[in-house]
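Q: Task: produce atomic coordinates for the following.
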Amino acid sequence: MAKSKVAYGVKPGNEFKHSVLSAYRYQVEKQEKARGNYERAFNRATMTTTYLRPDNVRGGEKRDLYDKVNDLQPLKERLRAEIIESARVRMEIYELTKTVKSTKLSLFLHLIYIEGIDYKEAKARMRDRCKMADLHNEALEAVDISGVTG
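A: This is a model prediction of the structure:
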């Protein structure tokens, strides 16, 4: 599982729950990496089309426009798969945050693990005066991950 920047202050008994809930942020990072790979390849293919003229299309040993365009398809499929996986993981994490009975704790988990914000911003949004690390541990303890295997 992914390491999250919100791990600070997580009690040892809550580390597994934290790593399970951090899966969405990790998946989003993978999705962004796939998107970046696709966009770089797309830009290279687009740049190639500006340099090639119909009378100057190469084949053989040199890579031509068609090779660059063909390189896009597997990258596009990978990006699509990562987006689908991100949506699936997000729903799983959302369902886990719904197992928390307290609205306040559930909201906190949603802000931290789904929205990906830090303690300072979560505190501002929630207008809460308690210590965020304590609230985080209380929320993690309230999560039911009995159906999740590690």
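Q: Pass me the low-pLDDT residue ranges in this protein, would you?
A: Applying pLDDT under 70 to the chain flags residues 1-8, 47-68, 148-150.
Q: redo that, cut-off 80
A: Applying pLDDT under 80 to the chain picks out residues 1-9, 12-13, 44-71, 119, 128-130, 132, 147-150.
Q: Report the central residue of it.
A: Central residue of the chain (C-alpha atoms, centre = their mean): residue 28, 1.4 Å from the mean position.
Q: Tell me how far that residue lies from residue 9.
A: In this view, residue 28 and residue 9 are 22 Å apart by C-beta to C-beta, to the nearest Å. (Each C-beta comes from the backbone N, C-alpha and C, glycine too.)
Q: Pull the distance from the top helix by length along the chain to the chain's centre.
A: Identified as the longest helix of the chain according to DSSP state H is helix 65-98. Remark: helix 65-98 is offset 10 Å from the chain centroid, using C-alpha atoms, centre = their mean, to the nearest Å.
Q: elements contacting that helix?
A: Under the contact definition 3 or more C-beta pairs under 8 Å, 6 or more residues apart in numbering; DSSP states H and E, helix 65-98 sits against helix 15-21, helix 23-51, helix 103-109.
Q: tell me the contacts of the residue nearest to the centre of the chain?
A: Residues near residue 28 by C-beta atoms under 8 Å, 6 or more residues apart in numbering: 86, 116.
Q: can we see that at 6 Å?
A: Contact partners of residue 28, counting by C-beta atoms under 6 Å, 6 or more residues apart in numbering, are residue 86.
Q: What of residue 78?
A: When contacts are counted by C-beta under 6 Å, 6+ apart, residue 78 touches residue 34.
Q: where's it relative to residue 46, distance?
A: Per C-beta to C-beta, residue 78 is found 19 Å from residue 46.
Q: for residue 18, same thing?
A: 42 Å.
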